[in-house]
Each structure stands twice: as structure tokens, then as C-alpha cells.
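Colleague: Make a model of this:
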Amino acid sequence: MNRSLWRDHVLPFTLLLSVLALASWSGDYLLHRMNLVWVGRYLGILGTLLIIVSFYYSLRKRKIVTSGNPVTLLRLHEFSAWLGSLMILIHAGVHFNAILPWLATVAMSVNVVSGLVGRLLLKRAKAHVQTQREQLQQRGLSDPEVEQAVFWDAVALYVMNQWRKVHIPIYVVFLVIALGHILSVFMFWGWA
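Modeller: A predicted model of the protein is given here:
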């Protein structure tokens, strides 16, 4: 039963990202078709608030705040970050008018991808590679043969294991760029 890390774990991950992209495109398309493009502005605000709420988990994890169940907060983090990102992607739509929104959307997208890698792939991928090694050893293969057989899965696992090196710094980059975008909106939207 030779199962592939790519087929069993990476493909579902890719499909989930595709669902996010399709939902974003569909939401933007529907707003345009229903002549409700103005709603997208407010989805950006709501999405930003949801992403801010998701940050509470990070504060709890680092013991900056002490209240809240970490497991519940992790689920809240995952849900509110995903939903907030969807809202912001619908907000962004296909009408980027300046470099700052482009950069914020790219940074947020990279952060979503790295977060999904950590959430969906890493633990299952480690277990998958370990199971593959054990099965191959039980079949009598030598250690070099086992390592050769799981080489590409091990390479994929190594790459996925680097997710935190991307996730946290890109979140900071996203935060700075998003704040710049929000400040420019307040300056030029005419709310004052």
C-alpha cells in the first residue's frame, strides 16, 4: 500500500486553497452582478477585524495574555483568520488601484498559505513519512533503501517544516502594509 504524501496531503491542501480562491472570486463576481460593489469596502473592514481577533491566539500562545483555552483559541484563530482572509480577498476583488493594496493582499495570501501548511499538512505529513518508513522497514528494506524510497516525501516534509519561518514574519509584513493601507483609506476616503 504505497501511498503518496503529495496525493494524500498536498493535493487536499491545494484543493482547500482553490476553494478559498474560488469563493473569493465568486463573492466578488456576485457583488458586481448584484450591483453591490460598495459592500466590498465594508467586507475589508470586517475581515480586518476578524484577523485582529485571530491574533489573540498568538498572544495566548506566547503567554502575553493568560485567559482562554489554547485549543479553543487555536480553532478561533483558524476560523476567524480564514473567514477574515476570504472577506479581504472579496474586498480586494480584481480592482487594485494602488501598490499598497496589492502588497497587502500578497502578504496576506502568503500568510494564509503558510498558516494552512502548519494547520493542515505538517502533523499529518510527519505521521505519513514515519508510517512509510516503518512499513518499508517491516518489508525488509535496508535503511538506505528506505531513505531512497521516501526521499521525495522527506523533501516535501522538510519544506513544509519551514512554515513558521514564513508565517510569523510575513504576518508582521502584512500588518504593517495593511496599516498603511488603512491609514491611506482614512486620509483619502473622506470620512473626516
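Colleague: Quick check: residue 37 vs residue 91, distance?
Modeller: In this view, residue 37 and residue 91 are 10 Å apart by C-beta to C-beta, to the nearest Å. Yep, even glycine has a C-beta here, placed from its N, CA and C like the rest.
Colleague: Could you count how many residues lie near residue 44?
Modeller: 23 (other C-beta atoms under 10 Å).
Colleague: May I have the residues that are in contact with it?
Modeller: Taking C-beta atoms under 8 Å, 6 or more residues apart in numbering, we find residue 44 in contact with 87, 88, 91, 92.
Colleague: how about the closest residue to residue 119 other than its chain neighbours, secondary structure?
Modeller: Among residues not flanking residue 119 along the chain, residue 78 sits closest, at 5.8 Å (C-beta to C-beta, 6 or more residues apart in numbering). The three-state assignment at residue 78 reads helix, by DSSP: H, G, I helix; E, B strand; the rest coil.
Colleague: can you put the contacts of residue 44 in TSV and add neighbour count and pLDDT?
Modeller: Formatted as TSV, the contacts of residue 44 follow (neighbours: other C-beta atoms under 10 Å; pLDDT from 0 to 100):
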residue	neighbour count	pLDDT
87	23	94
88	27	91
91	23	89
92	22	85
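Colleague: quick one: which of those residues is nearest to residue 19?
Modeller: Closest approach between those and residue 19, by C-beta to C-beta: residue 87, at 15.0 Å.
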